[in-house]
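Q: pasting the sequence and the predicted model now:
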Amino acid sequence: MKGFYILGGYPDMKKFEEVFKYIAEKADFVEVGLAYNDPVADGPVIAEAASKVVKSNIKIDDILKIVEAYKKSKVYIMTYANIFYQYGLKEFSQKYKNLINGVIIADLPNRMHSFFYDNGFDIPVIPFVTPESRDEDIEELKGSKADFIYFVGVRGVTGSEVNFLDTELVEKVQFVKKVTNKNVVFGFGIKTKKDTEKVMTYADGFVIGTEAVKRQTNINEFKKYIESIIR
Amino acid sequence: MKGFYGEFGGQFVAETLIPVLDELDKSFELLKCDKDFNDKLNDLLKNYAGRPTPIYYAENMSKKYGCKVYFKREDLLHTGAHKINNSLGQALLAKKMGKKRIIAETGAGQHGVATATVAALLNLKCTVYMGSIDAKRQSMNVKRMKMLGAEVKVVDEGTKTLKDAVSAALREWVSSCNTTHYVLGSALGPYPFPKIVSHFQSVIGKESREYFENLGIMPDYIIACVGGGSNAIGVFKGFLDVESVRLVGVEAGGISDKDGEHAARMSFGKKGIFQGSLSYVLTDKSGQISNVHSVSAGLDYAGVGPEHSFLKEIKRCEYHYARDKEALDGCLELCKLEGILPALESSHAVGYFIKNASKFKDKTILINLSGRGDKDLEIILENMEGTI
Ligand SMILES: Cc1ncc(COP(=O)(O)O)c(C=O)c1O
């Protein structure tokens, strides 16, 4: 499961459309980020890009129109809880549950998923596991209706340095797979083909964010980068 | 649901923080009933911070406005504001949990100074996050924190005020939570912080309740300013069960009702999810957090503690706002009438009282003076040129 995170509407709608169209054909899944102006889980690259998108007043529905037009792979929407909450949990869900495969919400920990579901949200919320997750919390994820589990490999924000072959990390991912019987996708900190090769020795997939967003402003560079990863 | 006040509250944070928040909750529940812990805290509150703070009957003001006005003098505490109650409690808690370092966010700088102070006292390393606009307008407090040995990290992102200081502290905490405790500065954020902060601030209400019980009366009104809501919840807590006491929170009305020109979340905000909890928040329809404005850095914040939203919803407390100008006028009036220079935050409570004085005729009112105004001198002088 090779996935990439791109930021919806960045640097403008036209360029986003180009990038999405391209990546939808190449990747196994695409994470489309919806910009938020208090992005506590994002590193400087994504946070700065998001702040530009917020200033240009781009509408969520317009981003999802592009997703609808070109969707080929699975698509997950990644954002923060208030974005969905203000849209209306039920409204968003009814409108998009047939289009998107799940959501990744940086400030919605696993135990709060029920808050979304209880309020009419019907799209699967992707659970997180982190190096700190406790065994009993991991066991609870067995029942999740999501396609995969998102393993946040880094203590900190996106774009930080990681040792992908750290035995603690590797064992944790293996434990998650064993206990939940679900695919585990490794996120945060991946930059190069080499990184992905390391991660793929134990995880079922990876997602690259910062490095993809960095190149979203230039479609040729973006293509070159994506190719270097998935060739 | 655990961690909620009615529909408000919760834990809207990164999954990484969940084990830490659970550990914090567990330690707090154990320690808050622990005799040693409370003896140590009470000793420090008394002999270091200066508790109990007096309640002062303001005779001149009472005469002028035809009512009985009392002030709870949190401004007389060490470091100049109620923030020290919470910082002492949380730093002791951190120490008991084996943490070697604490971090904090600050708007006006009072919470930063209080945290830097207790860090020095308890031999903990300390980093304080502060928006660059706040660092500029409260530069004296930045210097104080540095003298106390704290590292001040100036945050030059987003709105460059309290919101971004909180975000920066939360971000940092995600990476360092194994060794570091985040001394959150108000009754805000993810559970259990609202509970912990209001517990440590409830000493204000407890002392006030005792005072009035000894007098054999109860106030008709209690008025407190509401930034994140910690001084207000602290004093309100002492009287929640006395129905006849009307509890009034005063937010920053800024310069107008227009989006971005105030911080009146209860009047103009809506329910939303922001920095750890579901509460009233100033947000637009697309989910972006609105810009806010207040002459006082400590009230200049888009969110509010979840327990306040709950108290508003069940109509136990009422929330109003005072404009910048009304706060400044309130500040000056208290100086002139009583010789007390209040913080601009607390001045909102005073300003609201003065503006609505006719409503309070013949009543007994307790105003919580959350802090003193030395830190605000420059801003006050800048804004009141010609009137002083
Ligand atoms: C003196 C003073 N009062 C009030 C506040 C507002 O905070 P809270 O609502 O948590 O009491 C601050 C915050 O910086 C403050 O310094």
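A: Nice, I can see it.

Q: give me the number of residues near residue B:153?
A: Residues near residue B:153, counting by other Cβ atoms under 10 Å in any protein chain shown, number 17. Where C-beta positions appear, they are placed from N, C-alpha and C, glycine not excepted.

Q: also residue A:89?
A: Neighbours of residue A:89 under the rule other Cβ under 10 Å: 20.

Q: residues contacting the closest residue to the ligand within chain A?
A: Closest to the ligand within chain A is residue A:38: 18.9 Å, counting by Cβ to the nearest ligand atom. Residues in contact with residue A:38 (Cβ atoms under 8 Å, 6 or more residues apart in numbering or on different chains) are A:80, B:158, B:163, B:167, B:274, B:275, B:289.

Q: residue ranges with poor pLDDT in chain A?
A: Scanning chain A for pLDDT under 70 picks out A:156-161.

Q: which strands and helices sit next to the host helix or strand of residue B:105?
A: Counting by DSSP states H and E, the element that carries residue B:105 is strand B:101-106. In terms of contacts (3 or more Cβ pairs under 8 Å, 6 or more residues apart in numbering or on different chains; DSSP states H and E), strand B:101-106 is packed against helix B:83-96, helix B:110-122, strand B:125-131, helix B:162-176, strand B:180-182.

Q: centre-most residue in chain A?
A: Centrality entry for chain A: nearest residue to the mean C-alpha point is residue A:31, 4.4 Å, by Cα atoms, centre = their mean.

Q: could you list every residue that touches residue 8?
A: Looking at chain A here, since you left the chain open. A:16, A:32, A:33, A:34, A:35, A:53, A:58, A:60, A:63 are the contacts of residue A:8 under Cβ under 8 Å, 6+ apart.

Q: that was the other one, I meant chain B.
A: By Cβ under 8 Å, 6+ apart, the contact list for residue B:8 reads B:271, B:277, B:278, B:279, B:306, B:307, B:309, B:310, B:313.

Q: what about the first one, neighbour count?
A: Other residues near residue B:271 number 16, with proximity taken as other Cβ under 10 Å.

Q: is it in contact with residue B:283, as I believe?
A: No. Here residue B:271 does not reach residue B:283: they are 9.1 Å apart, not a contact under Cβ atoms under 8 Å.

Q: helix or strand for residue A:222, which one?
A: helix A:219-230.

Q: now do the buried residues in that helix.
A: Across helix A:219-230, burial judged by 16 or more other Cβ atoms under 10 Å in any protein chain shown covers A:222, A:223, A:225, A:226, A:229.

Q: leaving out sequence neighbours, find the closest residue to the fourth one.
A: Across the structure, with Cβ to Cβ, 6 or more residues apart in numbering or on different chains as the measure, the residue nearest residue A:226 apart from its sequence neighbours is residue A:26 (5.6 Å).

Q: equivalent analysis for the second one, please.
A: Nearest-residue entry for residue A:223: residue A:22, 6.1 Å, with adjacent residues in sequence omitted and distances by Cβ to Cβ, 6+ apart.

Q: count of neighbours near residue B:73?
A: Burial measure for residue B:73: 17 neighbouring residues, criterion other Cβ under 10 Å.

Q: next one: stretch B:126-141 to chain centre, how far?
A: Chain-centre distance of stretch B:126-141: 16 Å, with Cα atoms, centre = their mean, to the nearest Å.

Q: pull it out as CSV, backbone CA atoms only.
A: The C-alpha coordinates for stretch B:126-141 follow below in CSV (Å, rounded to 0.1, in the frame of the first residue of the first chain):
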residue,chain,number,x,y,z
CYS,B,126,11.5,25.1,32.2
THR,B,127,10.6,26.2,28.7
VAL,B,128,7.8,28.8,28.1
TYR,B,129,6.2,29.3,24.7
MET,B,130,4.9,32.8,23.9
GLY,B,131,3.6,34.4,20.8
SER,B,132,5.8,37.1,19.3
ILE,B,133,3.1,39.8,19.6
ASP,B,134,2.6,38.9,23.3
ALA,B,135,6.3,38.8,23.9
LYS,B,136,6.5,42.3,22.6
ARG,B,137,3.6,43.7,24.4
GLN,B,138,4.5,42.0,27.7
SER,B,139,8.3,42.3,27.4
MET,B,140,8.8,42.9,31.1
ASN,B,141,7.5,39.4,31.8
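
Q: quick one: buried residues of it?
A: Neighbour-count burial for stretch B:126-141, counted by 16+ other Cβ under 10 Å, picks out B:126-135, B:137-138, B:141.

Q: near the ligand, anything from that stretch?
A: No. Applying Cβ under 6 Å from any ligand atom, one finds stretch B:126-141 separated from the ligand by no less than 9.2 Å.

Q: secondary structure class for residue A:163?
A: Three-state call for residue A:163 (DSSP: H, G, I helix; E, B strand; the rest coil): coil.

Q: residue numbers of the stretch 151-300 of chain B in contact with the ligand?
A: Within the stretch 151-300 of chain B, the positions lying close to the ligand (Cβ under 6 Å from any ligand atom) are B:186, B:225, B:226, B:227, B:228, B:229, B:230, B:231, B:232, B:298, B:299.

Q: so the second one makes contact with residue B:300?
A: No. With contact defined as Cβ under 8 Å, residue B:225 does not count as touching residue B:300 (11.9 Å).
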